[in-house]
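Peer 1: here's my sequence, what's the structure:
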Amino acid sequence: MIIIAGIIIGALIGAANARKRNGSGLDITQYAAVGGIIGGILGMFATIGIERML
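Peer 2: Take a look at the predicted model:
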């Protein structure tokens, strides 16, 4: 669940950044995709860290 939340939050933040910079539709899509990937990776590390603690 943390990974999915990271993907969604990362994509929303990436899309917001592209809109703030007045990007075109493809720019917004690319920023959202990259943000989602980064958010998913961070969520994966968070999940692994939590599992190791338990």
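Peer 1: any idea which element the residue positioned nearest the centre of the chain lies in?
Peer 2: Within the chain, one residue has its C-alpha closest to the average C-alpha position: by CA atoms, centre = their mean, that is Gly10, at 2.1 Å. Of the helices and strands defined by DSSP states H and E, Gly10 is found in helix 2-20.
Peer 1: which strands and helices sit next to that helix?
Peer 2: For helix 2-20, the helices and strands in contact under the criterion 3 or more CB pairs under 8 Å, 6 or more residues apart in numbering; DSSP states H and E are helix 25-53. For every residue, glycine as well, the C-beta is placed using N, CA and C.
Peer 1: just to revisit the earlier point, residues in contact with the residue nearest to the centre of the chain?
Peer 2: Listed by CB atoms under 8 Å, 6 or more residues apart in numbering, the contact partners of Gly10 are Gly35, Gly36, Ile37, Ile38, Gly39, Gly40, Leu42.
Peer 1: buried set for the helix holding Gly10?
Peer 2: Ile2, Ile3, Gly6, Ile7, Ile9, Gly10, Ala11, Ile13, Gly14, Ala15, Asn17, Ala18 (16 or more other CB atoms under 10 Å).
Peer 1: tell me the confidence at the second one?
Peer 2: If you check Ile3, the pLDDT there is 96.
Peer 1: can you give me the neighbour number for Gly39?
Peer 2: For Gly39, the neighbour count with other CB atoms under 10 Å is 23.
Peer 1: now Gly43
Peer 2: Number of residues near Gly43 (other CB under 10 Å) recorded here: 20.
Peer 1: which residues are in contact with the residue lying closest to it once chain neighbours are set aside?
Peer 2: Taking CB to CB, 6 or more residues apart in numbering, and ignoring the residues beside it in sequence, Gly43 has Gly6 as its nearest neighbour in space, at 2.7 Å. By CB under 8 Å, 6+ apart, Gly6 lies in contact with Gly39, Gly40, Ile41, Leu42, Gly43, Met44, Ala46.
Peer 1: ok, the closest residue in space to the fourth one that isn't next to it in sequence to Thr47 distance?
Peer 2: The reference is to Leu42. If the residues on either side of it in the chain are set aside, Leu42 comes closest to Gly6, at 5.4 Å by CB to CB, 6+ apart. Separation of Gly6 from Thr47 (CB to CB, to the nearest Å): 9 Å.
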